[in-house]
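Novice: Only the shape, not the letters, is given here:
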C-alpha cells in the first residue's frame, strides 16, 4: 500500500499480509497518528485510489470519529491519481532491478 502526502509529496510504503479491511484500516490508523504527530496539524482529507469493496462500517466509524473526509477516485481515471501511479511504477521498477541484480527469478 502506497501512501502519499499531497502537500509535501512524502511517500510511505506499507506491506500488506492480506488485502483485508482490518489490515488496511490499521495501516491507515498508524499513518494518521504518525502524520499528525510529525506535522502538528490535523489530517482532514484522504483520497483513495481503491474500490469501495474495502469501505465498510469500521471505515465509516473511523471517518466520523476523527472528522475525516474520504474521497474515492473514479475507476479507470488516470488523471485523478497520476502521482500515485507514477510513484508505484518507480518503486516497482526499483524492486525489479534489485531482484535482477540478486539473481532472483523475476516471477517473484
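Specialist: Great, that's in hand. Given the structure is predicted, the values throughout are model-derived calculations rather than measurements.
Novice: switch to C-alpha atoms for all contacts and neighbour counts from now on
Specialist: Will do.
Novice: Burial check on residue 72, number of neighbours?
Specialist: Residue crowding around residue 72 was assessed by other CA atoms under 10 Å; the count is 14.
Novice: swap that for residue 25, please
Specialist: When neighbours are counted by other CA under 10 Å, residue 25 registers 16.
Novice: Surely it is within a helix?
Specialist: Yes. The assignment for residue 25 is a helix, going by DSSP: H, G, I helix; E, B strand; the rest coil.
Novice: Number the chain from 741, please
Specialist: From this message on, residue numbering opens at 741, which makes the last subject residue 765.
Novice: which residues does it contact?
Specialist: Going by CA atoms under 8 Å, 6 or more residues apart in numbering, residue 765 touches residue 799.
Novice: do you know how far it is from residue 755?
Specialist: Computed as CA to CA, to the nearest Å, the residue 765 to residue 755 distance reads 13 Å.
Novice: Same check on residue 843?
Specialist: For residue 843, the distance to residue 755 - CA to CA - is 23 Å.
Novice: Repeat that for residue 775.
Specialist: Plainly put, residue 775 is 18 Å away from residue 755 if you go by CA to CA.
Novice: What are the buried residues along stretch 830-838?
Specialist: For stretch 830-838, a neighbour-count test (16 or more other CA atoms under 10 Å) marks residue 836 as buried.
Novice: for stretch 815-832, same thing?
Specialist: For stretch 815-832, by 16+ other CA under 10 Å, it's residue 824.
Novice: Can you pull out the low-pLDDT segments for the protein?
Specialist: 790-792, 818-821, 846, 848 (pLDDT under 70).
Novice: All the strands of it, residue numbers only.
Specialist: 742-744, 751-753, 785-788, 809-812 (DSSP state E).
Novice: Quick check: closest non-adjacent residue to residue 757.
Specialist: The spatial neighbour of residue 757 that comes closest, neighbours along the chain excluded (CA to CA, 6 or more residues apart in numbering), is residue 763 at 7.8 Å.
Novice: Does the one you found touch residue 756 like I think?
Specialist: Yes. Taking CA atoms under 8 Å as the definition, residue 763 is a contact partner of residue 756 at 7.2 Å.
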